[in-house]
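Peer 1: Pasted the sequence and its predicted model underneath.
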Amino acid sequence: MALIFFQPVLGQVDEFVRRIIVRDRTDYRQALEDYSRQIVSLFDFERLKTLTQHTLTFHLGVEEVLLLTKEKSRSIWQLHTDSSRQLMNLPEDQLLQILSIRNSPLFVDELKEPTPLSHALREQGAYLLVPLYSQDQLTGVLGLGKKTSGFGYSYEDFAFLRVLANQLVIATSNASLYQEALEKQRLEEELALARQIQLEFLPQRVPEHPGLEIACFMQLSRQVGGDYYDFVWNQKGSLGLVIADSVGKGMPAALLVSLIHSGLRAEIKNSDSPSRALYALNQLLCSSMRPGHFATLFYGEFLPHSLELVYCNAGHNHPILMHSDGSHRCLDAGGLILGAFPDAVYQEAKLSLQRGDLLVMYTDGLSEAQNRAEEEFGEHRILQIISENRFLPAEQVKEKLLGGVNQHTSDFQDDLTLVVVKFK
């Protein structure tokens, strides 16, 4: 009689336990639909991780949810918990090798021998490991703790986890692609700004003087570099001729150019010689820039009244001074590159010019331009073109040089800057 009396009550308790503690397929189907609907618009990994942890904690009733993701480096993985992230170097962990060929969840207790990864996961409360695959490659692991109810994982639980894991992989891949697109956009914006900075520091027009012809050209590569040229009249009535090439690409190179522009112009006003100006500029760059940021630079002062050139070359491609008789000189007096050696000392040289002399200054984008056979345009070709066309005006000499290098190659990997000065 008592058994008959309590049987309906026991049935109701059993139904309550089944519905509240043990989820059925209808519950999981709705949970997966909700999860899928939310992850479609999530491109931030942290929010995606939080949603996944909340979904599993609520619908499975687990104590812990961990996520192990693979970084771009082959052996570096990142372990995400509720409150922390930990980078782990796992070059040959046996657990990862097991999961990479296993197409089903793995209980941590199933491992015959513990590994550094299994030990770390167990310490964080992981009980069940669900591998995450993308294009047949192991890209992550979902670690789940024991259920707070004390029940084990059922067939429905595993089916739920399999579908959720697939959705998580797709969402993680989409989030990664989205972040890469944002990074690409950021870099493009940075390059555009760097290009604008680089162009703003260039002279808007060439100096006009009855004793000079000046022709200039600058071609920027796909990635903004640090080429720079300038003309500065000083208080002595001399014209400063500047060409420089800063190391690197993008914004760091552009910022270095801006520092060279402002620093050199200030030193030209304060110094009475090119060597002192470059010594002071080198001190400025060494104290202002991080290691690894340096530049080559040539600075010459043309003295119109005496038809002389005083110059100092800080590690730059040697400008070529071509005389009308076909003889030439490479302007190499000076010192080391700027921004690398604080104790560098700079020497200068003075040359007497002749009417008809031709000065050609350029950056390595001209001399090192390579054709398909990886053969550089080279200084010998530059010298030959200058020699053959030394009687032409500066503008035509410039065009001859550009025509020669464009015949040599159409794929320029670096900025190309060319300044041709003819002394009349």
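Peer 2: Good, I have the coordinates.
Peer 1: Residue 116 contacts residue 89, doesn't it?
Peer 2: No - using Cβ atoms under 8 Å, residue 116 is not in contact with residue 89; the gap is 9.4 Å. For glycine as for every other residue, the C-beta is placed from the backbone atoms N, C-alpha and C.
Peer 1: quick one, what contacts residue 255?
Peer 2: residue 197 (Cβ atoms under 8 Å, 6 or more residues apart in numbering).
Peer 1: so after the helix or strand where it lies, what's the next helix or strand?
Peer 2: Using DSSP states H and E, residue 255 sits within helix 250-270. Helices and strands here follow DSSP H and E; after helix 250-270, the next one along the chain is helix 274-288.
Peer 1: Averaged pLDDT, the helix or strand following that next one. What do you get?
Peer 2: Next helix or strand after helix 274-288 toward the C-terminus (DSSP H and E): strand 295-303. Average pLDDT, strand 295-303: 97.
Peer 1: Can you spell out which helices and strands pack onto strand 295-303?
Peer 2: Identification of packing neighbours for strand 295-303 by 3 or more Cβ pairs under 8 Å, 6 or more residues apart in numbering; DSSP states H and E yields strand 239-246, helix 250-270, helix 274-288, strand 308-314.
Peer 1: how big is the angle separating the helix holding residue 255 from strand 295-303?
Peer 2: Relative orientation of helix 250-270 versus strand 295-303 (axes from the mean of the first three to the mean of the last three Cα atoms, to 10 degrees): 30 degrees.
Peer 1: Buried ones in helix 250-270, by neighbour count?
Peer 2: 250, 252-261, 263-265, 267-268 (16 or more other Cβ atoms under 10 Å).
Peer 1: Tell me what angle it forms with helix 274-288.
Peer 2: Using the same axes, to 10 degrees: helix 250-270 against helix 274-288 is 140 degrees.
Peer 1: Where do the strands of the stretch 51-200 of the chain begin and end?
Peer 2: All strands of the stretch 51-200 of the chain, identified by DSSP state E, counting those that start in this stretch, fall at 65-70, 76-80, 85-89, 106-107, 128-134, 137-144.
Peer 1: State the pLDDT value of residue 97.
Peer 2: 90.
Peer 1: Any figure for the gap between it and residue 138?
Peer 2: 9 Å (Cβ to Cβ, to the nearest Å).
Peer 1: And those two? Which one has more around it.
Peer 2: Neighbours per residue, other Cβ atoms under 10 Å: of residue 97 and residue 138, the larger number sits with residue 138, 18 against 12.
Peer 1: and the more buried one, bridged to which residues?
Peer 2: residue 133 (DSSP bridges).
Peer 1: Surely it and residue 100 touch.
Peer 2: Yes - between residue 138 and residue 100 there is a contact at 4.2 Å, judged by Cβ under 8 Å.
Peer 1: Now do the shared contacts for the two.
Peer 2: Common neighbours of residue 138 and residue 100 (Cβ under 8 Å, 6+ apart) are residue 131.
Peer 1: quick one: which of the strands of the stretch 51-200 of the chain is nearest residue 245?
Peer 2: Among the strands of the stretch 51-200 of the chain, strand 76-80 comes nearest to residue 245, with 36.0 Å by Cβ to Cβ.
Peer 1: In its sheet, which strands sit next to the closest one, and in what direction?
Peer 2: Partners of strand 76-80 in the sheet, by DSSP bridges, are strand 65-70 (antiparallel), strand 85-89 (antiparallel).
Peer 1: centroid residue for this protein?
Peer 2: Centroid-nearest residue in the chain, with Cα atoms, centre = their mean: residue 187, separated by 7.4 Å.
Peer 1: thinking it is in contact with residue 194, fair?
Peer 2: No - contact criterion Cβ under 8 Å: residue 187 and residue 194 do not qualify, at 10.1 Å.
Peer 1: got any residues that touch both of those two?
Peer 2: Joint contacts of residue 187 and residue 194 (Cβ under 8 Å, 6+ apart) are residue 250.
Peer 1: Would you mind stating the distance between residue 275 and residue 267?
Peer 2: Distance of residue 275 to residue 267, given as Cβ to Cβ: 11 Å.
Peer 1: Can you give me the pLDDT of residue 418?
Peer 2: 97.
Peer 1: what angle sits between the strand or helix carrying it and strand 308-314?
Peer 2: Secondary structure assignment for residue 418, by DSSP H and E: strand 416-423. Per the same axes, to 10 degrees, the angle that strand 416-423 makes with strand 308-314 is 160 degrees.
Peer 1: Could you report the distance from residue 177 to residue 168?
Peer 2: With Cβ to Cβ as the criterion, residue 177 and residue 168 are 15 Å apart.
Peer 1: When the two are compared, which one has more neighbours?
Peer 2: Counted by other Cβ under 10 Å, residue 177 and residue 168 do not tie: residue 168 has more neighbours, with 24 against 11.
Peer 1: Which elements pack onto the helix ranked longest in the chain?
Peer 2: Longest helix of the chain, by residue count under DSSP state H: helix 155-200. For helix 155-200, the packing partners by 3+ Cβ pairs under 8 Å, 6+ apart come out as helix 25-39, helix 45-60, strand 128-134, strand 137-144, helix 250-270.
Peer 1: So what touches the third one?
Peer 2: For strand 128-134, the external contacting residues (Cβ under 8 Å, 6+ apart) are 95, 99-100, 102-103, 105-108, 121, 138-145, 153, 161-162, 165, 168-169, 172-173.
Peer 1: okay, now the domains of the chain?
Peer 2: For the chain, automatic domain parsing gives the domain ranges 2-180, 192-423.
Peer 1: hang on, the earlier thing: between the helix holding residue 255 and strand 239-246, how big is the angle?
Peer 2: Using the same axes, to 10 degrees: helix 250-270 against strand 239-246 is 150 degrees.
Peer 1: Centre of the chain to helix 250-270, how far?
Peer 2: 23 Å (Cα atoms, centre = their mean, to the nearest Å).
Peer 1: one step back: got JSON lines for the helices and strands packed on helix 155-200, with mean pLDDT too?
Peer 2: As requested, those are exported to JSON lines (pLDDT from 0 to 100):
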{"stretch": "helix 25-39", "mean pLDDT": "85"}
{"stretch": "helix 45-60", "mean pLDDT": "91"}
{"stretch": "strand 128-134", "mean pLDDT": "93"}
{"stretch": "strand 137-144", "mean pLDDT": "92"}
{"stretch": "helix 250-270", "mean pLDDT": "86"}
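Peer 1: Nearest to residue 215 among the ones you listed would be which one?
Peer 2: helix 250-270 (21.1 Å).
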